[in-house]
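Visitor: generate a structure from the sequence data that follows.
(one chain, ligands or ions: 1)
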Amino acid sequence: MERLKAAVVGMGFIGAAHVEALRRVPYVDVVAIADSFGAAEKAQKLGVPAGYADYRQMMDEVKPDCVHVCTPNHMHKEVVMAAFERGINVICEKPMAMNAQEAQEMVDAAKKNGLIGALNFHNRYYPIPHQMRRMVMNGELGDVFFVEGGYLQDWLQYKTDFSWKILADKCGKTRATADLGSHWIDLAEYVTGQKVKEVFAEFKTIYPTRTQMTEEGPKEVPIDTEDFSCIILRFDGGAVGTAAFSAVFSGKKNQTVLRVAGTKESLEWDNEKVNDLLIGRRSEPNMLLTKDPALVDPATASVISYPGGHAEGFPDAFKQNFTAIYGAIRGEVPANPFATFEDGLHIMNIVDKLYESACSGKWITV
Ligand SMILES: NC(=O)c1ccc[n+]([C@@H]2O[C@H](COP(=O)([O-])OP(=O)(O)OC[C@H]3O[C@@H](n4cnc5c(N)ncnc54)[C@H](O)[C@@H]3O)[C@@H](O)[C@H]2O)c1
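Guide: Next up is the predicted model:
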């Protein structure tokens with residue numbers, strides 16, 4: 001079996017998660033990482049053979065088959081373009097870019113060079129959302145008319161919480177919507193098979209300034225992105241969606257909830273009970289389906305690695321997503337699709353339109 005070489009650029013929280021997950025794809029070798037800070041130490045800590053401060057030098061010297069882009073958002077396009085120019089496939093973190101225009105350029109470059117550009121919308125590869133999509137496709141829900149939920153965290157609860165992730169010049173002009181909402185909106189479209197066509201949004205910035213600790217002491221920094229995002233969506237298949245996104249919601253560490261209502265049944269997934277699917281019924285008792293390869297659609301069984309009763313969560317979803325994408329590099333087609341750069345561009349378009357709606361107070365067509 002041909003082995004493939006992977007390299008990761010940006011070795012913060014998620015870069016390390018990429019390295020770990022890649023090690024579980026049997027025919028992939030993580031050959032190098034790049035980071036502008038402490039690359040050699042980071043490589044050594046993770047047992048990766050080479051650590052580079054300059055990602056271009058890394059690409060030229062190790063010639064990976066695929067580069068994982070795990071830098072802050074404002075760097076995504078630059079690293080992606082450098083990879084495509086060198087004939088290297090890309091898996092990029094979300095949100096894909098700073099805006100739809102950048103995302104369009106990235107899509108064009110992937111097409112021009114005939115390379116795979118994939119997004120790490122890893123929620124698609126948890127067993128339960130994978131199964132939800134199969135159930136909608138099989139008609140078990142009837143007509144899907146309502147999608148509801150959101151994505152909540154609490155790491156920005158206090159005025160003193162600070163990160164590049166709250167500054168528009170690093171994260172893009174929306175924060176909660178692009179960072180958290182992009183995951184949820186992609187998941188809602190993936191499960192329902194319907195595409196968002198019109199959007200409405202209300203944003204709120206709870207702290208107009210935040211306190212950044214600097215070497216000179218605390219500094220008050222004006223905040224130009226939203227702490228909270230409430231949205232309404234109209235889908236092309238007739239469904240309506242509502243969702244809330246925020247990292248200022250005390251007690252919610254990292255909760256994604258997706259509820260889907262159809263004319264026959266409803267479905268509910270809450271990633272705090274990651275292996276459970278609640279199937280809602282009117283005239284029969286509700287059902288709780290707990291992840292078990294013997295009890296799900298055969299396509300979903302293919303993305304489950306352990307028997308029932310053995311939980312599969314965040315690192316496993318990364319492993320399954322990367323397995324699907326590296327499979328595509330080898331010419332295979334996954335049962336359920338992974339997110340491509342076209343999907344990432346579509347989500348960036350929605351995010352831009354949600355921003356426009358929040359500014360104008362109007363419904364906006366995507
Ligand atoms: N899929 C998910 O669930 C998920 C979760 C968290 C973060 N993310 C995304 O991953 C990306 C990174 O987020 P994070 O939480 O890991 O951030 P982070 O701040 O922890 O890590 C970013 C890393 O990039 C490095 N970096 C910055 N500039 C660089 C450059 N020019 N060259 C090489 N390295 C550079 C930094 O030194 C740092 O190590 C973001 O786009 C974020 O939205 C996705």
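Visitor: hmm, who's touching the helix or strand encompassing Tyr190?
Guide: In this structure, Tyr190 is located in helix 182-192 according to DSSP states H and E. With contacts defined as CB atoms under 8 Å, 6 or more residues apart in numbering, helix 182-192 is touched by 94-96, 119, 121, 123-124, 129, 132-133, 136, 144, 147, 149-151, 195-196, 233, 235, 237, 239, 241, 243, 245, 256, 258, 260, 267, 336-337, 339, 343, 347-348, 350-351. The way it works is simple: take the backbone N, C-alpha and C, and place the C-beta from them, glycine included.
Visitor: now, which of these lie within helices?
Guide: If you go by DSSP state H, the contacts of helix 182-192 have Pro129, Met132, Arg133, Val136, Asp343, Ile347, Met348, Ile350, Val351 in helices.
Visitor: what about the one residue sitting closest to the centre of the chain, distance to the ligand?
Guide: Central residue check for the chain by CA atoms, centre = their mean: the C-alpha nearest the mean position is that of Phe121, 3.1 Å away. Applying CB to the nearest ligand atom, to the nearest Å, the value for Phe121 to the ligand is 7 Å.
Visitor: ok, that residue touching Lys94?
Guide: Yes: contact criterion CB atoms under 8 Å: Phe121 and Lys94 qualify, at 6.1 Å.
Visitor: joint contacts of those two?
Guide: Common neighbours of Phe121 and Lys94, using CB under 8 Å, 6+ apart, are Ser182, His183, Asp186, Gly344.
Visitor: from those residues, which is closest to the ligand?
Guide: His183 (6.5 Å; CB to the nearest ligand atom).
Visitor: so what's Asn73 up against?
Guide: Counting by CB under 8 Å, 6+ apart, Asn73 has contacts Pro95, Ala97, Met98, Lys170, Cys171, Gly172, Ala178.
Visitor: how about a cut-off of 7 Å?
Guide: Pro95, Met98, Lys170, Cys171, Gly172 (CB atoms under 7 Å, 6 or more residues apart in numbering).
Visitor: quickly name whichever of the residues you listed is closest to Ala317.
Guide: Ala317 lies nearest to Pro95 out of the contacts of Asn73, by CB to CB, at 17.9 Å.
Visitor: who's in contact with whichever residue of the stretch 151-300 of the chain sits closest to the ligand?
Guide: Going by CB to the nearest ligand atom, the ligand is nearest to Asp179 of the stretch 151-300 of the chain, at 5.6 Å. Neighbour list for Asp179: Pro95, Lys165, Cys171 [criterion: CB under 7 Å, 6+ apart].
Visitor: Thr225 touches Arg175, doesn't it?
Guide: Yes: under the criterion of CB atoms under 7 Å, Thr225 is in contact with Arg175, at a separation of 3.5 Å.
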